[in-house]
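>>> just coords:
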């Protein structure tokens, strides 16, 4: 695993982009060579059951609904069965339900005795409906066709995740299941860091335990975000159940997912996110297995020396940003804090303190911030998620000092109006004295 971690850490971003281009090319050839078809989804009676007309499940791997609850039911739903890394592991990759397909979704859940649902989207994103609400509100019950859904409770373990305990009743039989909704994954983009997704998957595995029923995973189309989650959980099972061989390839795993669900892992950024997340996952596994005991030894030798594992962030941060260890001491497990860009003031206030250049958020409309929060603790969609994806890691920095009248005395040296007076026994330079008159 150490060798795999080293290879992941040395990857060239340009090489990854080329590799993702090869994934797309191979997917087209694979579809042709294997004769993968989408005839069921393209039938006239099923067209309106697809959220996106160009995302149809392959006939060879689609979920076939055998549970019929009315004369109008068909066997079609836009969902695919994906085989896991082990014989007893499977996933169902599904589009988010439409108002007309919610009952079909519950038919599928009941037929496959689904115990865990992972929802990787919000109901509304970028002003568009991305998922119909198919669950009951807190401590209430709602009916979809012959299915009655009851809410047994709802928790918010962190700002990224909502956990709902649900009960579904059909023909006087009741079953319990858990839904995990991940809130911090913008459509066609990637989360800010890998840790949130990896923590989510740990919770999912704890809920699934030894149950062999498939885990239902969906976003809006059931391809991009859904494909990344399937890939990460698939790779986790490989790492903990099988020895890593020299032919281990994330590209092969993604292609295998694409053989079963079209367009799984939909963008090059999502593909790159898998690599960074796997590197973070391996670090976690190495630490939990005790293969980095030398960290504790170093802490014992020098209590003033802090050794921190590498970051699990989505994007690489400047060297000045660090992750904090638990101040309780070396015996505590490392606790990571996320370094997020802070909102800068939109106007510069005159004061006697040194004046610095302002940070102007890129493409953010007035009144919008990076994260808004309701008074009841629920988090709304961040404005940054509603904007087109860019290649910038942080806000653009641009100087506003020159445009602000009255900040520097006439005739002053430009940069000196932003620099504090030197401290110490030295006499100040003549320029400072001239500026202060």
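In hand now; what should we look at? Computed from a prediction, not measured in an experiment: that's the story for all the values here.
>>> can you pull out the strands in the chain?
With DSSP state E as the criterion, the chain has strands at 79-83, 90-94, 116-119, 124-125, 128-129, 141-144, 147-158, 161-170, 173-182, 215-218.
>>> contacts only, for residue 262.
Neighbouring residues of residue 262 by Cβ atoms under 8 Å, 6 or more residues apart in numbering: 31, 38, 55-58, 223. Using the backbone N, CA and C atoms, a C-beta is placed for each residue, glycine as well.
>>> break the protein into its domains for me.
Domain assignment of the chain by automatic domain parsing yields the ranges 2-286, 293-335.
>>> surely residue 27 and residue 256 touch.
No - using Cβ atoms under 8 Å, residue 27 makes no contact with residue 256, being 10.9 Å away.
>>> can you lay out the contacts of residue 262 as TSV showing neighbour count?
Output for these, formatted as TSV (neighbours: other Cβ atoms under 10 Å):
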residue	neighbour count
31	16
38	18
55	20
56	21
57	25
58	21
223	23
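>>> of those, closest to residue 65?
residue 57 (12.0 Å; Cβ to Cβ).
>>> hey, what's the residue nearest to the closest one when sequence neighbours are not counted bridged with?
Sequence neighbours aside, residue 80 is the residue nearest to residue 57 in space, at 4.6 Å (criterion: Cβ to Cβ, 6 or more residues apart in numbering). Residue 80 has these beta-bridge partners by DSSP bridges: residue 62, residue 93.
>>> still on that earlier bit, ranking the domains of the chain by burial, who's on top?
domain 2-286 (a mean of 17; mean count of other Cβ atoms under 10 Å).
>>> what about that domain, start to end distance?
End-to-end distance for domain 2-286, by Cα to Cα, to the nearest Å: 8 Å.
>>> report the rounded mean pLDDT for that domain.
Average pLDDT, domain 2-286: 94.
>>> residue contacts, the residue nearest to residue 133 when sequence neighbours are not counted?
Take residue 133 and drop its neighbours on the chain: the residue closest to it by Cβ to Cβ, 6+ apart is residue 123, 6.0 Å away. By Cβ under 8 Å, 6+ apart, the contact set of residue 123 is 129-133.
>>> as TSV, those with distance to residue 141 would be great.
Output for those, formatted as TSV (distance: Cβ to Cβ, whole Å):
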residue	distance to residue 141
129	23
130	24
131	20
132	17
133	14
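>>> among these, which two are most distant?
Maximum distance among the contacts of residue 123 (Cβ to Cβ): 11.2 Å, for 130 and 133.
>>> measure the closest residue to residue 198 other than its chain neighbours to residue 201 for me?
Sequence neighbours aside, residue 281 is the residue nearest to residue 198 in space, at 5.9 Å (criterion: Cβ to Cβ, 6+ apart). Applying Cβ to Cβ, to the nearest Å, the value for residue 281 to residue 201 is 9 Å.
>>> next, show the common contact partners of these two.
With Cβ under 8 Å, 6+ apart, residue 281 and residue 201 have common neighbours 232, 236.
>>> show me what contacts residue 250?
231, 235, 274-275, 278.
>>> out of the residues you listed, list just those in helices.
Those of the contacts of residue 250 mapping onto helices are 231, 235, 274-275, 278, per DSSP state H.
>>> ok, for residue 223, nearest residue in space, not its chain neighbours?
residue 263 (4.1 Å).
>>> before we move on, what about residue 19?
Using Cβ to Cβ, 6+ apart, the nearest residue to residue 19 is residue 251, at 5.9 Å.
>>> my guess is that neighbour contacts residue 21, does it?
No - counting by Cβ under 8 Å, residue 251 does not reach residue 21; the two are 11.1 Å apart.
>>> distance of the nearest residue to residue 97 once chain neighbours are set aside from residue 155?
Distances taken as Cβ to Cβ, 6+ apart put residue 105 closest to residue 97, at 4.4 Å, once the chain neighbours are dropped. Going from residue 105 to residue 155 by Cβ to Cβ gives 23 Å.
>>> do you know how far the nearest residue to residue 155 once chain neighbours are set aside is from residue 199?
The shortest distance from residue 155 to any non-neighbouring residue, by Cβ to Cβ, 6+ apart, is to residue 163 (4.7 Å). From residue 163 across to residue 199, the span is 12 Å (Cβ to Cβ).
>>> swap in residue 254?
From residue 254 to residue 199 the distance is 22 Å (Cβ to Cβ).
>>> now do residue 193
Distance from residue 193 to residue 199, by Cβ to Cβ: 10 Å.
>>> residues touching the residue nearest to residue 57, list them.
57-58, 61-63, 92-94, 222, 260-261.
>>> tell me the pLDDT of residue 319.
36.
>>> repeat for residue 423
56.
>>> residue 224 contacts residue 186, doesn't it?
No - using Cβ under 8 Å as the test, residue 224 is too far from residue 186 to be in contact (10.5 Å).
>>> how about the helices in the stretch 201-350 of the chain?
224-241, 250-260, 268-288, 294-301 (DSSP state H, counting those that start in this stretch).
>>> out of the ones you listed, the one nearest residue 150 is which?
Once those are compared by Cβ to Cβ, helix 224-241 is nearest, at 26.2 Å.
>>> tilt between that closest one and strand 90-94?
Between helix 224-241 and strand 90-94, the angle comes out at 170 degrees (axes from the mean of the first three to the mean of the last three Cα atoms, to 10 degrees).
>>> check which helices and strands helix 224-241 sits against.
strand 90-94, helix 194-208, strand 215-218, helix 250-260, helix 268-288 (3 or more Cβ pairs under 8 Å, 6 or more residues apart in numbering; DSSP states H and E).
>>> so how far is residue 96 from the closest residue to residue 76 other than its chain neighbours?
Counting by Cβ to Cβ, 6+ apart, residue 76 lies nearest to residue 46, which is 4.6 Å off, once chain neighbours are set aside. Counting by Cβ to Cβ, the separation of residue 46 from residue 96 is 17 Å.
>>> before we move on, what about residue 124?
Distance from residue 124 to residue 96, by Cβ to Cβ: 11 Å.
>>> overlap of the contact sets of those two?
What both residue 124 and residue 96 touch, as defined by Cβ under 8 Å, 6+ apart, is the set residue 130.
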